[in-house]
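Student: give me a model of this one.
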Amino acid sequence: SIGINAEYGDVPANFLEIDVCNPETHGIANKRYTDYEVRLKTNLPIFRVQECSVRRRYSDFEWLRSELEKESKIIVPTLPGKALKRLLPFRGDDGIFEEEFIEDRRQGIESFINKIAGHPLAQNEKCLHMFLTEPMIDKNYVPGKVRTH
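Tutor: Residues are numbered from 1 along each chain as shown. Model (predicted):
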């Protein structure tokens, strides 16, 4: 017997999935920072690639959020907070480098980037494409819209 999907071909509906994973902490003392792998999988024609992976730190997400606030008409969701209490000295734990904090932040930024990337107006913005697909973010880029060919 023929499977039920045979007559529809194997083309899935449009999808866009972004995973934020594999946090790594780099540097020493006050030069430490954590970055995350941001993995994109999509079949939306507006994206030049269907799969890619870049590494981003929290400040990159803040940059993306401020660019979208300036350039797009969307109401940009908030990012998880700055965790100022965790930056105070004389803590008994590892502050913002504690595993539990890193995991909470990972979940928050994953939810943030999926909300944004799923928005049709955000998908037209160059800053989002650069954030998701370019190894380095060029902060001097020229804002603009992305066109599908």
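
Student: give the contact list for residue 21.
Tutor: Counting by Cβ atoms under 8 Å, 6 or more residues apart in numbering, residue 21 touches 36-37, 39, 106. Yep, even glycine has a C-beta here, placed from its N, CA and C like the rest.

Student: just to be sure, it is in a strand?
Tutor: Yes. Judged by DSSP: H, G, I helix; E, B strand; the rest coil, residue 21 forms part of a strand.

Student: bridged to it, which residues?
Tutor: Judged by DSSP bridges, the bridge partners of residue 21 are residue 37.

Student: what separation do you get for the spatially most central residue of the chain and residue 37?
Tutor: In the chain, the residue lying closest to the centroid (Cα atoms, centre = their mean) is residue 113, at 4.3 Å. Distance, residue 113 to residue 37, by Cβ to Cβ, to the nearest Å: 12 Å.

Student: cool, and residue 132?
Tutor: 12 Å.

Student: who touches both of these two?
Tutor: Going by Cβ under 8 Å, 6+ apart, residues that sit against residue 132 and also against residue 37 are residue 54.

Student: fine, thanks again, bye for now.
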